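Chemist: return a 3D structure for these sequence lines:
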Amino acid sequence: MKIIFFLLSITISVICAQEREPDSTPSSLANIQLKSKLKHQVTSNFKTYYFGTKSHTFTVDKRKNVTITRSCGAKLESSKCLAAVKLKEVNMNDLSETDLTGAKNPGAILCQKLLNADVLTGKDQDGNVASFCSFQDGTMVSAETLVAWANKNAKRSSNK
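Modeler: Numbers count the residues shown, from 1 in each chain. Just a heads-up that it's a prediction; the model follows:
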C-alpha cells in the first residue's frame, strides 16, 4: 500500500508540473513518459508463488488480465520470453470439444496439448493455489491468463 500511495503522489506531482510547463518543452515530454510508466506500475503489481522449495515472482496486471513471470517485462508486445510469445499465439479454436469434457482445467489443456509445456501448481503466501504453464526458458504464465487470452485470440481470428 505504501508503494501505491508513493506512486500516486508522484503522479500528482507530475500532473502539476505538466500544468506549469508548455506542452512542447522536453521536460513536459519526460513528464508524460513518467506518467505513463507510473500508470502501468499502479495497475500492475507483483506476486510471489512458491513451487516446492522454489519461488517465482509474477507481474499481475488485472487491466490486461495477465499474470506472467516478472522477467518477461511490462511490454508483452515486444517481450521475447516464451510465456509472452505463446500467450499471443494460443487460441481456444485449436481445441476440440472433447478436449474439455470431464471438468478439465482448460488452461492446463491449452498448456499441455497446444503449447507442449508443463503445468505446475503454485501457492502464494496466503495459501491460495494457482496453476501455471511453465516453458523451456523458465518463464511461466497463469492458466487463468492462458484461457483469457486464448478466448480473446479466438474472437480475433473469427472476426477476420
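Chemist: mind checking the pLDDT average for the helix or strand encompassing residue 59?
Modeler: Per DSSP states H and E, residue 59 falls inside strand 54-61. Mean pLDDT, computed over strand 54-61, is 95.
Chemist: ranges for the strands of the chain?
Modeler: In the chain, the segments counted as strands under DSSP state E are 44-51, 54-61, 66-69, 118-123, 129-134, 140-142.
Chemist: distance from the last one to the middle of the chain?
Modeler: For strand 140-142, the gap between its own C-alpha mean and the chain's C-alpha mean amounts to 8 Å (CA atoms, centre = their mean, to the nearest Å).
Chemist: packing partners for that strand?
Modeler: Here strand 140-142 touches strand 54-61, strand 66-69, helix 82-89, strand 129-134, going by 3 or more CB pairs under 8 Å, 6 or more residues apart in numbering; DSSP states H and E. Using the backbone N, CA and C atoms, a C-beta is placed for each residue, glycine as well.
Chemist: how about low-confidence regions in the protein?
Modeler: 1-44, 160 (pLDDT under 70).
Chemist: beta-bridge partners for the residue nearest the centre of the chain, please?
Modeler: For the chain, residue 66 is the residue whose C-alpha lies nearest the centre (CA atoms, centre = their mean; 2.8 Å). With DSSP bridges as the criterion, residue 66 is bridged to residue 61.
Chemist: now for residue 71, how many residues are close by?
Modeler: 16 (other CB atoms under 10 Å).
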